[in-house]
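just coords:
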């Protein structure tokens, strides 16, 4: 559940479906004890839209279920009724119109905002004299997005390879609408769809042909590909292992708040006061730990409270000012509410610096409090990439892991809008895919690009800018990469990028 709330914060709005399925009956049926049916529908709608806003302030150290129940109880009391736990899970007694109304509201929420321009002053030295040049980023045109020059436009362009519609009908003639997409490998992908009865389907494709279909609960989501052409799904604290033919092979029962590694290679599950570490590729048990586990790395390394104390990292355990605390190999990274990035290596403070984003927001008098900002982190051998999601402005910073210095100026990455989906790295760590939703003149625009991190200055390869794009993913390696985009109409397009 904790991972679900974090991903909702990062923009994966579709995961809120699982929250609705788990708690909708609790709120609606409790309200019906006091209110009329129409009033109960309205107050339930209001409570869950407020809960969605509250999730944006969820902190990773919070207990996820306690966080949700505490806020639902607070909203219920404000509306004059009490929650009764006996109503949990009784969704058959809840009018379907409530869920539809909430989902429609969230999908349409804030699709346009008032235009703001970013005025950027850059000192340029010509011969002996110095002149100040002011750049205005106009996102509605093809003007230069990189006024400082730490990022430049690449000479290469993507090549279109494939286009296909994935809006279809199932056997009962119910319309199936696209929800999400996951690329498994160069040959396979999964289309996640929802029909008008709120049934969820996972359709597996190979070489652009559908080979099987898996139907799971509304809150289910695909996690990763396992061993021997298997697929791992997460649903209501249970893990399911399916083969590519749609057959359920294994089930792993998880307890509250399982701890996944960043890329879902491993999971630590608390069972009778013992943390058991499982490999998600085949659900095999590989280790057990008596100490409390806080993190799991993609290599299967567990980080416990005792280990943090032995490394001298226990300072963060009793300090709730940290927005990010994450292990990257042997480095421990923290970001606090003031935007201070600190990197510790083997117990010693290696780097501490203010993120450019917050300095720039203050400089431009756009700062309105750091508490509302969220972060996501990617990394490769050379860089740490920090994506920052603000209330109105979003950007990303690329930090040299060796010296802590920024590789790109924030003025070359900040835009008035949001990342959707969050930035992601190719498997080899060489290409950063960034999808931006931008608002200008009450219209929505897209600026999507693949950034070649092997070049200095970093080179940006412009991608499809359709405002209807719903999801983007990148796959590939060794100078050949594939960008998958799917739009709100369920049209999948695949573009190839070749770097030099």
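Arrived safely. Quick caveat, the model's predicted, so the values are computed rather than measured.

where along the stretch 401-500 of the chain do the strands fall?
If DSSP state E, counting those that start in this stretch is used as the criterion, the strands of the stretch 401-500 of the chain fall at 415-419, 424-425, 431-440, 443-452, 458-462, 469-477, 480-487, 491-498.

next one: the stretch 251-400 of the chain
Assigned strands in the stretch 251-400 of the chain, in chain order: 259-260, 266-271, 274-279, 284-289, 293-296, 302-304, 322-328, 331-336, 340-345, 348-354, 374-379, 383-389, 393-400 (criterion: DSSP E, counting those that start in this stretch).

partners of the fifth one, with directions?
Each strand that pairs with strand 293-296, with its direction, by DSSP bridges: strand 302-304 (antiparallel).

contacts for the strand it pairs with, please.
Defining contact as CB atoms under 8 Å, 6 or more residues apart in numbering, one finds that strand 302-304 is touched by 268, 275, 277, 287, 289, 291-297, 327. Quick note: C-beta positions are derived from backbone N, CA and C, even for glycine.

just to revisit the earlier point, okay if I get the strands of the stretch 251-400 of the chain as CSV plus mean pLDDT?
Formatted as CSV, these follow (pLDDT from 0 to 100):
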stretch, mean pLDDT
strand 259-260, 91
strand 266-271, 92
strand 274-279, 93
strand 284-289, 92
strand 293-296, 87
strand 302-304, 86
strand 322-328, 79
strand 331-336, 86
strand 340-345, 87
strand 348-354, 86
strand 374-379, 85
strand 383-389, 91
strand 393-400, 90
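
of those strands, which approaches residue 487 most closely?
For the strands of the stretch 251-400 of the chain, distance to residue 487 was read as CB to CB. The smallest value, 20.9 Å, belongs to strand 393-400.

what angle do that closest one and strand 331-336 make?
For strand 393-400 and strand 331-336, the angle between their directions (axes from the mean of the first three to the mean of the last three CA atoms, to 10 degrees) works out to 150 degrees.

angle of strand 393-400 against strand 348-354?
140 degrees.

between strand 458-462 and strand 393-400, find me the angle.
Going by the same axes, to 10 degrees, strand 393-400 makes 140 degrees with strand 458-462.

if you count neighbours, what's buried in strand 393-400?
Going by neighbour count (16 or more other CB atoms under 10 Å), the buried part of strand 393-400 is 393, 394, 395, 396, 397, 398, 399.

wait, the fourth one sits on residue 389?
No - when contacts are counted by CB atoms under 8 Å, residue 396 is not listed as touching residue 389 (9.8 Å).

so what sits against both of the two?
When contacts are counted by CB under 8 Å, 6+ apart, residue 396 and residue 389 have residue 419 as shared neighbours.

OK, contacts around the closest residue to residue 312 other than its chain neighbours?
Here the nearest residue to residue 312 in space, its sequence neighbours aside, is residue 347; by CB to CB, 6 or more residues apart in numbering that works out to 4.5 Å. By CB under 8 Å, 6+ apart, the residues touching residue 347 are 311, 312, 313.

do that again at 10 Å, thanks
Under the criterion of CB atoms under 10 Å, 6 or more residues apart in numbering, the neighbours of residue 347 are 308, 310, 311, 312, 313, 330, 332.

which of those ranks first by neighbour count?
Neighbour counts for the contacts of residue 347, by other CB atoms under 10 Å, peak at residue 332, which reaches 24 neighbours.

if we ignore the residues flanking it in sequence, what's nearest that one?
The spatially closest residue to residue 332, leaving aside those adjacent along the chain, is residue 344, at 4.3 Å (CB to CB, 6+ apart).
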